[in-house]
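Engineer: just the structure for this:
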Amino acid sequence: MSSSTDTKVVVIGGGSSYTPEIVEGLIGRAEELSLREVWLVDIREGQEKLGIVGELARRMVAQEGRPFSVNLTTDRREALPGADYIVTQMRVGGMQARIKDERIPLQHGVIGQETTGPGGFAKALRTIPVMLDICRDTEELAPGAWLVNFTNPSGIVTEAVTRHTETQIIGLCNNAINIERWLAREFEATPDDVYVEFVGCNHLLWVNRVWVRGEEVTDQLLERVAGGDEWPRELIESLRAVPCGYHHYYYMPDEMLAKAQKADKTRGEEIIAIEKELFELYRDPQLSQKPEALSKRGGSLYSEAAVRLIASIQTDRRDVQCVNTTNRGALSNGPPPAGASRPAPAAEGLRGADHPGGRHRRPGRSPAGTSGESARAVGGRGGGRAARPPGGPCRVPAAVRPVIRSPWQSGPRSQHAGTPGCARLARSSRIARTARPTRGCRPA
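Structural biologist: Below you'll find the model as predicted:
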């Protein structure tokens, strides 16, 4: 790594329409990070977009007095030497591959989505070999660097790297930070007033407990959500936790499938149209800031999540952030050593309790009956272990990440009387057989 006064950040997937977002975040924290240079890296097929985005990034930086240099390349080995932080935000196969991930399952009456179900699994199979190649280059050329992964499916990709490389990786998603901001609005507080205890694995998080200004408000939150329109009251009362939006694909698959089948376009097809508009804006030599139209692309607060984490590691702030990291006992009913999203001191990364930057809280538990879902989401440990053939990419059982029917949709409620809402799913996991209804983690 570079010295503490000479920081270098590499963004792999630098030709993405998202890049102005992270450049804006880096500009805002350039002094705090002692940022010297940023490298935007993409593949040769993406060179045109890289050039367009790169020139916009340079104009954005110039407008702020050139706090750091912006360099463009299609050779990541040119960019990596001396890197302190590497942000991965790539899409192997491009947007056309995403559309296939969405369309092909729909043809068979199954949800098509980029992070869950067969679409998410197909994306993982394309992405993991590329990520492992990136990590091999990182270990050779920037062995002390932190890799901040936004590449989807974030949980599976991050776990593959932790299992099969020595790269220091932390998985991120904008799920957690958006939930934190939502809770701040819900309880009329500032984000700094809110502490959220998350469990799960991106993109399948649960809000386990919440404190506002030091007072626990979990019961109030559960009642508000149970009384709303988004989730069935029975689900919230059985989980005693609040699922993130991606859980709709698991708890309410019929509704989500019907919605997808009725839509004229998949999300990937919508994004192609949005990106066409964005890149026309990016070409404008007079544009020197992130355009408002980027908000249509999704990924709200993605930049804030990434740069906040980088700044915390860089300055050894030891604050608590929700990251995808290895479960080293933080979740007592999670599948060790699975990837898990949980609050952790940011510098702790994947080193767990042994890292001098911080200590895990007392081991807790996932919400009642959810371990089977988590096990499937992070690699199918309930029905088989991921394996890596000699010299080959990670191989994951084909049965993982099913988009399943919820108990209250699959039969009479009497069949499930007295069991947690997801107990039937949970029992399919070896880990979950010991699960019992619980409030979740206890404070240290």
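
Engineer: tally of neighbours for the nearest residue to Phe279 once chain neighbours are set aside?
Structural biologist: When the adjacent residues along the chain are set aside, Phe279 lies closest to Ile52, with 5.8 Å between them (C-beta to C-beta, 6 or more residues apart in numbering). No exception for glycine: its C-beta is placed from N, CA and C like everyone else's. Counted by other C-beta atoms under 10 Å, the residues lying close to Ile52 total 19.

Engineer: likewise Gly109?
Structural biologist: Burial of Gly109, expressed as a neighbour count using other C-beta under 10 Å, amounts to 8.

Engineer: same check, this time on Lys262
Structural biologist: The number of residues near Lys262, taken as other C-beta under 10 Å, comes to 7.

Engineer: equivalent analysis for Met256, please.
Structural biologist: The number of residues packed around Met256, counting by other C-beta under 10 Å, is 18.

Engineer: verify the contact between Ser303 and Gly25 for me.
Structural biologist: Yes. If you go by C-beta atoms under 8 Å, Ser303 and Gly25 touch, sitting 3.6 Å apart.

Engineer: residues contacting the residue nearest to Phe279?
Structural biologist: When contacts are counted by C-beta atoms under 8 Å, 6 or more residues apart in numbering, Ile52 touches 15, 279, 282-283.

Engineer: and the helix or strand containing it, what's buried?
Structural biologist: Using DSSP states H and E, Ile52 sits within helix 47-63. For helix 47-63, burial by neighbour count (16 or more other C-beta atoms under 10 Å) applies to 49-50, 52-61.

Engineer: over to stretch 87-106?
Structural biologist: Per 16+ other C-beta under 10 Å, stretch 87-106 contains these buried residues: 87-93, 97-102, 105-106.

Engineer: tell me how many other residues crowd Glu32.
Structural biologist: Using other C-beta under 10 Å, Glu32 is surrounded by 14 other residues.

Engineer: can you tell me which residues contact it?
Structural biologist: With contact taken as C-beta under 8 Å, 6+ apart, Glu32 is in contact with 311, 314-315.

Engineer: most neighbours among those, which one?
Structural biologist: When neighbours are taken as other C-beta under 10 Å, the top entry among the contacts of Glu32 is Gln314 (21 neighbours).

Engineer: need the pLDDT of Gly299.
Structural biologist: For Gly299, the model assigns a pLDDT of 72.

Engineer: tell me who's in contact with the residue nearest to Lys296 when sequence neighbours are not counted.
Structural biologist: If you skip the residues right next to it in sequence, Lys296 has Ile274 as its closest partner in space, 5.1 Å away by C-beta to C-beta, 6+ apart. With C-beta under 8 Å, 6+ apart as the criterion, the residues that contact Ile274 are 17, 293, 296-297.

Engineer: report the buried members of those residues.
Structural biologist: Buried positions within the contacts of Ile274, assessed by neighbour count (16+ other C-beta under 10 Å), are 17, 297.

Engineer: among the contacts of Ile274, which are located in strands?
Structural biologist: Counting by DSSP state E, those place none of their members in strands.

Engineer: got CSV for the contacts of Ile274, with distance to Arg240 too?
Structural biologist: Converted to CSV, the contacts of Ile274 look like this (distance: C-beta to C-beta, whole Å):
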residue, distance to Arg240
Ser17, 39
Ala293, 40
Lys296, 36
Arg297, 35
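
Engineer: the closest residue to Ala189 other than its chain neighbours: neighbour count?
Structural biologist: In space, Ala189 comes closest to Val212 once its chain neighbours are excluded; the distance is 5.1 Å by C-beta to C-beta, 6+ apart. Using other C-beta under 10 Å as the criterion, Val212 is surrounded by 20 other residues.

Engineer: ok, Val212 - contacts?
Structural biologist: Contacts for Val212 (C-beta under 8 Å, 6+ apart) come out as 183, 187, 189, 193-195.

Engineer: now do 7 Å
Structural biologist: The contact partners of Val212, taken as C-beta atoms under 7 Å, 6 or more residues apart in numbering, are 187, 189, 193-194.

Engineer: may I have the beta-bridge partners of it?
Structural biologist: Judged by DSSP bridges, the bridge partners of Val212 are Val194, Glu215.

Engineer: got the phi/psi numbers for Trp206?
Structural biologist: Listed backbone geometry of Trp206 is phi -120, psi 140, with angles given as degrees, to the nearest 10.

Engineer: ok, Arg76 next?
Structural biologist: Arg76 has phi and psi values of phi -70, psi -30 when expressed as degrees, to the nearest 10.

Engineer: before we move on, what about Ser16?
Structural biologist: With angles defined as degrees, to the nearest 10, Ser16 sits at phi -70, psi 150.

Engineer: same check on the one 4 residues further on?
Structural biologist: According to degrees, to the nearest 10, the main-chain angles of Pro20 amount to phi -60, psi -30.

Engineer: give me the neighbour count for the residue lying closest to it once chain neighbours are set aside.
Structural biologist: The spatial neighbour of Pro20 that comes closest, neighbours along the chain excluded (C-beta to C-beta, 6+ apart), is Lys290 at 4.4 Å. In terms of burial, Lys290 registers 22 neighbours under the definition other C-beta under 10 Å.

Engineer: filter the contacts of Ile52 down to just the ones in strands.
Structural biologist: Using DSSP E to define strands, no part of those is located there.

Engineer: restricted to buried residues, select these in ChimeraX.
Structural biologist: The command below creates a ChimeraX selection of those among the contacts of Ile52 that count as buried (16+ other C-beta under 10 Å):
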select :15,279,282
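
Engineer: any stretches of the stretch 1-150 of the chain with poor pLDDT?
Structural biologist: Along the stretch 1-150 of the chain, the parts satisfying pLDDT under 70 run over 1-5.
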